[in-house]
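1. Test case, fold it:
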Amino acid sequence: MKRTTIYLEPDIEVLLKLVAMRRKEPMAEVIREALRSYLIGQQAKVLPPGGGAFDSGRDDTAERAEDLLRETGFGRKS
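-> Residues are numbered from 1 along each chain as shown. This next block holds a predicted model:
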């Protein structure tokens, strides 16, 4: 583990101390958990490869899905 220094606003420090006391854990562990959760959450926001690569130019596709499928003949027996 690498040691680092962070600067906290007084109100955040108080909240951090309260959480650490309630959990009976060191403040450093609460910070590590919060950072881990935040950073993993940020990674989840990244689109998968190809996600968002295509744009139909419409914003109502979900609402019109049945009509659009009907127009293409999808599900119709040949």
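2. Would you mind measuring the gap between the ends of stretch 60-67?
-> 11 Å (C-alpha to C-alpha, to the nearest Å).
3. just how off-centre is it within its chain?
-> Relative to the chain's own centre, stretch 60-67 is displaced by 26 Å; criterion: C-alpha atoms, centre = their mean, to the nearest Å.
4. Can you name the residues in contact with that stretch?
-> 58, 68 (C-beta atoms under 8 Å, 6 or more residues apart in numbering). Glycine gets a C-beta too; all of them are placed from N, C-alpha and C.
5. Output the contacting helices and strands for the longest helix along the chain.
-> Ranked by residue count, the top helix of the chain under DSSP state H comes out as helix 27-44. For helix 27-44, the contact count by 3 or more C-beta pairs under 8 Å, 6 or more residues apart in numbering; DSSP states H and E identifies helix 10-23 as packing neighbours.
6. If we go by neighbour counts, what in the helix it packs on is buried?
-> 16, 20 (16 or more other C-beta atoms under 10 Å).
7. Report all helices and strands that that helix contacts.
-> helix 27-44.
8. Kindly format the C-alpha coordinates of the helix it packs on as PDB.
-> The C-alpha coordinates for helix 27-44 follow below in PDB (Å, rounded to 0.1, in the frame of the first residue of the first chain):
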ATOM      1  CA  MET A  27     -10.700   6.500   8.600                       C
ATOM      2  CA  ALA A  28      -8.100   5.300   6.000                       C
ATOM      3  CA  GLU A  29     -10.200   2.200   5.400                       C
ATOM      4  CA  VAL A  30     -13.400   4.300   4.900                       C
ATOM      5  CA  ILE A  31     -11.500   6.500   2.400                       C
ATOM      6  CA  ARG A  32     -10.100   3.500   0.500                       C
ATOM      7  CA  GLU A  33     -13.600   2.000   0.300                       C
ATOM      8  CA  ALA A  34     -15.100   5.200  -0.900                       C
ATOM      9  CA  LEU A  35     -12.500   5.700  -3.500                       C
ATOM     10  CA  ARG A  36     -12.800   2.100  -4.700                       C
ATOM     11  CA  SER A  37     -16.500   2.500  -5.000                       C
ATOM     12  CA  TYR A  38     -16.300   5.800  -6.800                       C
ATOM     13  CA  LEU A  39     -13.600   4.700  -9.300                       C
ATOM     14  CA  ILE A  40     -15.300   1.400 -10.100                       C
ATOM     15  CA  GLY A  41     -18.500   3.400 -10.600                       C
ATOM     16  CA  GLN A  42     -16.700   5.700 -13.100                       C
ATOM     17  CA  GLN A  43     -15.500   2.700 -15.100                       C
ATOM     18  CA  ALA A  44     -19.000   1.300 -15.300                       C
END
